[in-house]
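Participant: Show me how the following folds:
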Amino acid sequence: TKSMDILVKDIEKINKNTPVKAFGLVGVHPAELTYLIKFMSLEEAKEKIINALNYAKNLVEEYDFIVGIGEVGRPHYQVDENVWNASNEILRYCMHLAKDVGCAIQIHAESSTEEQFKEFSKMAKETGLNPEKVVKHHCGDMVLEGEKYGIFPSIVASKPVSEAVKKSLRFVMETDYIDDLKRPGVVLGIKTVPRRTKKLIDSGLLDEEGVYKIHKENIERLYNIELF
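Facilitator: Numbers count the residues shown, from 1 in each chain. Here you go, the predicted model:
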């Protein structure tokens with residue numbers, strides 16, 4: 001919860017002192033479960049995460065600039081069946097929270113497949129959450145699969161975006177930027193989205209209307225916000 005409070009304070013500072021309008025999501029990354037079980041039982045770790053997620057829900061309710069729950073989900077690496085099942089239980093709980101508060105949820109999980117989109121869509125519907133509010137982080141160019149199952153793809157602003165725009169504009173763009181001084185430029189730098197967008201325009205793959213759709217309309221619909 002301490003890191004969530006730091007995020008809230010940072011966004012407040014940005015919105016107060018700069019012309020930038022910032023928003024955030026809060027949650028518990030799925031890798032935390034495999035870290036915590038080094039020090040406690042699986043049930044204790046799960047309870048600790050659930051308590052933190054309840055705190056995240058409260059922040060979404062309290063602050064209009066905290067617009068969703070995430071990243072949450074399940075490990076993208078091999079884990080034993082008990083951890084996998086517990087991760088899915090936590091993910092379902094996150095979906096219940098998102099449904100209750102009426103916000104989006106951003107999922108971190110293993111590499112995306114059509115079967116996974118189908119699974120997450122079914123999981124969301126079973127908890128009463130609209131799949132349109134489920135954002136899948138890091139999912140190649142799977143925009144058509146997203147349309148089919150209602151999941152909203154977040155696509156890394158590199159080569160997959162060039163393929164995605166040829167199919168559909170129903171996605172959002174990401175860098176997966178990690179602010180770690182020991183690993184500068186991990187995945188993509190923070191300026192990559194505008195640079196990639198400009199390249200797409202220059203290459204004729206995207207026009208102004210398409211830019212508006214991806215970077216404004218889709219974001220506003222997902223996160224119930226108004227950008228400008």
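
Participant: what pLDDT does I190 get?
Facilitator: pLDDT recorded at I190 is 84.

Participant: From I6, how far off is it?
Facilitator: 18 Å (Cβ to Cβ, to the nearest Å). For glycine as for every other residue, the C-beta is placed from the backbone atoms N, C-alpha and C.

Participant: again with V60
Facilitator: Per Cβ to Cβ, V60 is found 16 Å from I6.

Participant: which one of those two has more residues nearby?
Facilitator: Legend: neighbour count by other Cβ atoms under 10 Å for V60 and I6, higher for V60 (23 against 10).

Participant: which other helices and strands contact the helix or strand hosting the more buried one?
Facilitator: Assigned by DSSP states H and E, V60 falls within helix 42-62. Applying 3 or more Cβ pairs under 8 Å, 6 or more residues apart in numbering; DSSP states H and E, one finds that helix 42-62 contacts helix 2-17, strand 24-26, helix 31-36, strand 66-73, helix 81-101.

Participant: So which residues lie in contact with the lowest-mean-pLDDT helix or strand in the chain, not counting its own?
Facilitator: In the chain, the helix or strand scored least confidently by mean pLDDT, DSSP states H and E is helix 159-164, which has a mean of 93. Outside of helix 159-164, the residues within contact range by Cβ atoms under 8 Å, 6 or more residues apart in numbering are 140-141, 143, 153, 155, 171, 173, 196, 200, 203, 205.

Participant: Report the rounded mean pLDDT for the next helix or strand after it.
Facilitator: Using DSSP H and E, the helix or strand that follows helix 159-164 in sequence is strand 172-174. For strand 172-174, mean pLDDT rounds to 96.

Participant: Strand partners (parallel or antiparallel) of strand 172-174?
Facilitator: strand 152-156 (parallel) (DSSP bridges).

Participant: export the partner strand as CSV, just CAs?
Facilitator: The C-alpha coordinates for strand 152-156 follow below in CSV (Å, rounded to 0.1, in the frame of the first residue of the first chain):
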residue,chain,number,x,y,z
PHE,A,152,-9.1,-4.6,-25.0
PRO,A,153,-5.5,-5.0,-26.3
SER,A,154,-2.7,-2.8,-25.1
ILE,A,155,0.0,-3.1,-27.7
VAL,A,156,3.7,-2.3,-27.4
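
Participant: Kindly provide the distance from K16 to D10.
Facilitator: Counting by Cβ to Cβ, the gap from K16 to D10 is 11 Å.

Participant: Tell me which of those two has more neighbours.
Facilitator: The neighbour comparison of K16 against D10 (other Cβ under 10 Å) goes to D10, with 12 against 7.

Participant: Next up, the contacts around the more buried one.
Facilitator: Counted by Cβ under 8 Å, 6+ apart, D10 has zero contacts.

Participant: what about it, distance to H108?
Facilitator: For D10, the distance to H108 - Cβ to Cβ - is 21 Å.

Participant: cool, and V72?
Facilitator: V72 is 7 Å from H108, by Cβ to Cβ.

Participant: Looking at those two now, which is surrounded by more residues?
Facilitator: V72 (29 against 20).

Participant: how about the more buried one, what does it touch?
Facilitator: 27-30, 53, 90-91, 94, 105-108.

Participant: Model confidence at it, what's the number?
Facilitator: 98.
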